[in-house]
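Colleague: my questions concern the predicted model and sequence given below.
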Amino acid sequence: MIIDIPENSDFSIHNIPFGIFSTADRSPRAGVAVGDQILDLTAVAELDVFDFNTAVFEKEVLNDFISLGKDITKQVRKNIQYWLQDDNSILADKPELFVKQSDAQMHMPVYVGDYTDFYSSIEHATNVGKMFRDPENALLPNWKHIPVGYHGRASSIVVSGQPIHRPKGQTIPNDSKQPIFGPSQRVDFELEMGFITGKNTHLGDTVSTADAEDYIFGLVLFNDWSARDIQKWEYVPLGPFLAKNFASHISPWIVTLEALEPFKVPGPKQEPEVLPYLKYNGDKNYDINLEVSIAPEGSEAQTVCHSNFKYMYWNMAQQLAHHTVNGCNINIGDLYGSGTISGKDEDSYGSMLELAWMGTKPLKMKDGSERKFILDGDTVTMRGYAEKDGKRVGFGEVTAKVLPAK
Ligand code: CA
């Protein structure tokens, strides 16, 4: 091995995720994460080892690299895996090709033109239905027939590490008909994963579940911040708006679909039977361990949730098939959120709304405080990794601090 990769690193030789980084002396460029280092792809390109225009690595986002197509991006990942494992390869004795992750700043990996958020965890949808509607009929009649989703806002998607301000907005006090304006009192996280499309379609085209994987470049962790009190007042009848678009964070490294291939697992049985265009063959769920921690200001982080991406009722192939079935076109770099990923157990719920059950079961923090929702000064961190047969492929983390309202 050309460099030491710490045991249990998310960024093992089996991963090779792509991202955009900068250093104190140089502007953003493309790299891959390896252990606690970044392999600078612009520096590798200078060795004249790639047979495509490597100007794509000098760009501030990966869209142009991704647009080269999977034949090329897969080969780049394979070559890097091969070179890193061969002590006599072109990467040998060239420490200048590597940058310590601790010396680099990470940036948005892609330009996100469009962003859609699904609502595909049956446990999450059931919990929300129980709290806000009818415990006996928690799921709405369409839920098991349609991968329900809405169009979100791409402009406020930011990369891990960037602090956000508590949003202000209209809320409705209990037993009042008159709304008030002020900082949200119910800021929440949503534990999600997002996939990034790697291939365009034309208006009118559809993508089948069988072809969907050709259109998915890779995945990131996704924290879809939500203001529950604003949401409660505004969402009728057209759905989420300002409660959702004040910020969403993504993890900086895009883990490719190829790296996640060994971790495919069957999804939950879908009953009643779905319409033909939503049927699929093979395993389309992924066994990815997920966790969320909260660190109050000046205090240590405390894990509040353990979940798993494999719980998703609707898989990514079905989401993309549904999204395009009407001819809606997709572009490279578009982001698709899974929806909050909750499991069956109470400690596997992917939002404070569910973990503290609308504030009725506050979480006890190690510093003696309680949490119903996220407080100013709290840092929320999500991590995710897949592991099987000694192979670990992880996402690192998506983390952000909530500052007081501006
Ligand atoms: Ca969401």
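Modeller: Looks like it arrived, so ask away. Numbering: from 1, shown residues only.
Colleague: wouldn't residue 108 be in contact with residue 249 here?
Modeller: No. Contact criterion Cβ atoms under 8 Å: residue 108 and residue 249 do not qualify, at 10.4 Å. To be clear about C-beta, it is placed using only N, CA and C from the backbone, and glycine gets the same treatment.
Colleague: looking at these two, which has the bigger crowd around it?
Modeller: Neighbours per residue (other Cβ atoms under 10 Å) separate residue 108 from residue 249, with residue 249 holding more: 25 against 20.
Colleague: who touches the more buried one in this structure?
Modeller: The contact partners of residue 249, by Cβ atoms under 8 Å, 6 or more residues apart in numbering, come to 157-160, 162, 164, 222-223, 225, 398-400.
Colleague: in JSON lines: those, plus pLDDT.
Modeller: Shown next, in JSON lines, are these (pLDDT from 0 to 100):
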{"residue": "157", "pLDDT": "98"}
{"residue": "158", "pLDDT": "98"}
{"residue": "159", "pLDDT": "98"}
{"residue": "160", "pLDDT": "98"}
{"residue": "162", "pLDDT": "98"}
{"residue": "164", "pLDDT": "98"}
{"residue": "222", "pLDDT": "98"}
{"residue": "223", "pLDDT": "98"}
{"residue": "225", "pLDDT": "98"}
{"residue": "398", "pLDDT": "98"}
{"residue": "399", "pLDDT": "98"}
{"residue": "400", "pLDDT": "98"}
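Colleague: what's the burial count for residue 153?
Modeller: Other residues within reach of residue 153, judged by other Cβ under 10 Å, total 18.
Colleague: near the ion, which residues of this protein?
Modeller: Applying Cβ under 5 Å from the ion, we find that the chain lies next to the ion at 117, 190, 224.
Colleague: are any of the contacts of residue 249 buried, and which?
Modeller: Neighbour counting over the contacts of residue 249 (16 or more other Cβ atoms under 10 Å) leaves 157-160, 164, 222-223, 225, 398-400 as the buried ones.
Colleague: for the nearest residue to residue 179 once chain neighbours are set aside, give me phi and psi.
Modeller: The spatial neighbour of residue 179 that comes closest, neighbours along the chain excluded (Cβ to Cβ, 6 or more residues apart in numbering), is residue 170 at 4.5 Å. Dihedral angles of residue 170 (phi, psi; degrees, to the nearest 10) stand at phi -90, psi 140.
Colleague: you'd agree residue 170 is up against residue 230?
Modeller: Yes. Using Cβ under 8 Å, residue 170 is in contact with residue 230, at 6.6 Å.
Colleague: between those two, which has more neighbouring residues?
Modeller: Ranked by neighbour count (other Cβ under 10 Å), residue 170 and residue 230 place residue 230 first, with 26 against 15.
Colleague: show me the contacts for whichever residue of the stretch 101-250 of the chain sits closest to the ion.
Modeller: Of all residues in the stretch 101-250 of the chain, residue 224 sits closest to the ion, with a separation of 3.7 Å (Cβ to the ion). With contact set as Cβ under 8 Å, 6+ apart, residue 224 has these partners: 117, 152, 189-190, 192, 244, 248, 337, 340.
Colleague: one step back: any chance of the buried ones among the contacts of residue 249 in a markdown table, plus secondary structure and distance to residue 270?
Modeller: As requested, these are arranged in a markdown table below (DSSP: H, G, I helix; E, B strand; the rest coil; distance: Cβ to Cβ, whole Å):
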| residue | secondary structure | distance to residue 270 |
| --- | --- | --- |
| 157 | strand | 30 |
| 158 | strand | 34 |
| 159 | strand | 34 |
| 160 | coil | 33 |
| 164 | strand | 36 |
| 222 | strand | 23 |
| 223 | strand | 27 |
| 225 | coil | 30 |
| 398 | strand | 29 |
| 399 | strand | 34 |
| 400 | strand | 34 |
